[in-house]
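J.: Got a sequence here, can you build the structure:
(2 chains)
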Amino acid sequence: MDSFRRTLFRVMAVQVLTLLALWLLQARYAR
Amino acid sequence: MHPLNWAIVVAYLVYVVVDGVRRAKGTRGIEGYFLAGRNLPWWAVGLSVMATQLSAVTMIGTTGQGATDGMRFIQFYFGLPIAMVILGVTLVPFLHGARVFTAYEFLERRFDAKTRSLTSFLFLISRGMSCGTIIAAPAVIFSAIFGWDVVWSVALIGFPTVIYTMVGGVQAVTWADVKQMVLIVVALVAVVVVLLLRLPVSPDEALQVAGAAGRLRPFDFSFDLSQTYTFWSGIIGGTFLMLSYFGTDQSQVQRYLTARSVNEARSSLLMSAYWKIPLQALVLLVGVLVFVFYLFRAPPLLFNPAHQRQVEAAEPAAFAALNQRFTAALGEQQAAAHTVASLGGSDNEPTSRAADQALREREAQVTTVRNEALQLAARVTGQPARDVNYIIPRFVLDELPLGLAGLFIAGVMAAAMSSIAAELNSLSTATVIDFYRRWFRPQGTDAHYLAVSKLATGVWGIFACVIATYAVSLGSLIEVVNRFGSFFYGSILGVFLLAMIPRARPSGAFLGLVAGMAAVAAVTFGLPSVSFLWHNVVGALTVVLVGVAISLASPPGTHPAPGNP
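T.: Residues are numbered from 1 along each chain as shown, chains lettered A, B, ... in the order given. The predicted structure follows:
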């Protein structure tokens, strides 16, 4: 289960960073 | 298209077929033909999973959607990483550990033969038809662009794919997928680089203009069930859809059944969890940048060249008048775009807001004229005139430098072929394993099943090509089948979820599946405004609830619980 938690953490971290990048794109350019 | 571009396309086609046929040498028996001896590395399987999901519709339709609708579509994939993690700890260990050929075979071991046969049959109907539409989508566009009969376009895409899939089996499919995926990414990156170099404004200004025109809004947090692409439909509905697709659709399950171990199968799915959203963002960004490009350089009035030729010939005066209005509107739009770019996020908010507003108004004018031209095209040709799928092909052929257009067309073919090959391979597997070997000839030799499998691949290939050839006239039929497909996609997921509940019984699974499909049909017809992404949620949950209720009501049996694989 520990390896699953690590995987889950990594995938979610990448997911959050990707969404953050998209959010920054929207925040900077969308109006 | 220039001969050099054609040479690139032909070189790609020859290489894929020759390499695929060469792979047949390493294929022995049906375990080799369908599962590559369960010995493929995770990275090859991972690229194959991504290549199977990414079809020509992504390269042409999704980029076009980026140009007309912006980045909103990205939300569709927000549930994918969640689904991959869930599958990694639930279905993947069960399916891989059970040493099955098809996902549906697992359902017979867990429940009974009728649940297996029904789910496999539903897969065959929907995938058989969808394989035809996957060939038809680029074939129809190629025939409009290059002026060919649609039969030749279908043959150009379908024939090489059927050959290498039929002869080389899953080895050929997977290793071709690896190369095709690389080609697709290279083609997309090359187009983005060319676009950035050819735009008359800086990348930052280009994004300012795209943002002012409403193309850079990837998030919509409204909880509106009628909106297809919102954050919530992507996270919740998208998770269920991706669970269904990657967990229960044989065309994907078969990809990771070829992996060396459960851990490698999990890793192959996680590749999509990491890379799918960035890749899809790149695809949509191509469309957004093409939209900006055409703000500064005049686009054609009709992107579909076949329609343009027909309208010019049938209604020359009306077309010339529309073109004149179009040119005037484009001039005003270009001036407005330059103003937005020059203000470039200026601190003077009223001025900048007024410039944004002006650009949106000018774009609306251009769209009005274009819509009139599309209506004229529909009247003249007798076909529905939608231009969105022709924006990118037209841009590629008219604007990309020598060689790159060929690379992109080869990339579109690669995207189509990688999806078609995986589907033909999985259709053949389900036909032979779930029906022929299960019901008609259980005691055949391995050599016999291998021959039948190759034959089944070829027959499904011909079926898909015939469907693709008649796709335009079969339009409404295909829509019906796709709609029918959406009735059971989430419901089949529900059966697999039920398989992991120890108390679930065969009667609960079968009746739950029927109830799930009925529930989705009721939502589809009773509440037509509810977006299809929510249908999978309804189907899966209904199957689980009804299945558990029936299982609890039935007397305790001796049917084995799933246990650890």
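J.: those helices in chain A, which residues are they?
T.: A:2-29 (DSSP state H).
J.: Around chain B, pick out the residues from it.
T.: Taking Cβ under 8 Å from any Cβ of the partner chain as the contact definition, chain A meets chain B at A:4, A:7-8, A:11-12, A:14-15, A:18-19, A:22-23, A:25-26, A:28-31. No exception for glycine: its C-beta is placed from N, CA and C like everyone else's.
J.: Let's see the PyMOL selection covering just the buried ones among those.
T.: Applying 16 or more other Cβ atoms under 10 Å in any protein chain shown to the residues of chain A next to chain B, the buried members can be selected in PyMOL as follows:
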select buried, chain A and resi 7+8+11+14+15+18+19+22+25+26+29+30+31
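J.: The closest residue to B:Gln375 other than its chain neighbours: which element?
T.: Using Cβ to Cβ, 6 or more residues apart in numbering or on different chains and skipping the chain neighbours, the partner closest in space to B:Gln375 is B:Ala385 (7.3 Å). B:Ala385 belongs to no helix or strand when assigned by DSSP states H and E.
J.: so B:Ala385 sits right up against B:His307, yeah?
T.: Yes: counting by Cβ atoms under 8 Å, B:Ala385 touches B:His307, with 6.0 Å between them.
J.: wait, does stretch B:242-261 make contact with chain A?
T.: No: Stretch B:242-261 stays out of contact with chain A when judged by Cβ under 8 Å from any Cβ, the minimum separation being 12.9 Å.
J.: where's B:Tyr77 relative to B:Val186, distance?
T.: 21 Å (Cβ to Cβ, to the nearest Å).
J.: neighbour-wise, which of these two wins?
T.: Just comparing B:Tyr77 and B:Val186: by other Cβ atoms under 10 Å in any protein chain shown the higher neighbour count belongs to B:Tyr77, 21 against 14.
J.: tell me the contacts of the more buried one?
T.: By Cβ atoms under 8 Å, 6 or more residues apart in numbering or on different chains, B:Tyr77 lies in contact with B:Gly234, B:Gly238, B:Met242, B:Lys276, B:Ile277, B:Gln280.
J.: Which one (most neighbours) among the residues you listed?
T.: B:Met242 (29 neighbours).
J.: Looking at chain A, which residue is nearest chain B?
T.: A:Tyr29 (3.1 Å; Cβ to the nearest Cβ).
J.: Skipping adjacent residues, who's closest to that residue in space?
T.: B:Gly211 (3.1 Å).
J.: again with B:Phe510
T.: Spatially, and ignoring its direct neighbours in sequence, B:Phe510 is nearest to B:Thr115 (5.1 Å; Cβ to Cβ, 6+ apart).
J.: again with B:Ala212
T.: Nearest one to B:Ala212, counting by Cβ to Cβ, 6+ apart, is B:Asp356 at 4.1 Å.
J.: I figured that neighbour hits A:Ala30, correct?
T.: No: checked against Cβ under 8 Å, the pair B:Asp356 and A:Ala30 is beyond contact range at 10.5 Å.
J.: Mind telling me what element B:Tyr229 is part of?
T.: Under the criterion DSSP H and E, no helix or strand holds B:Tyr229.
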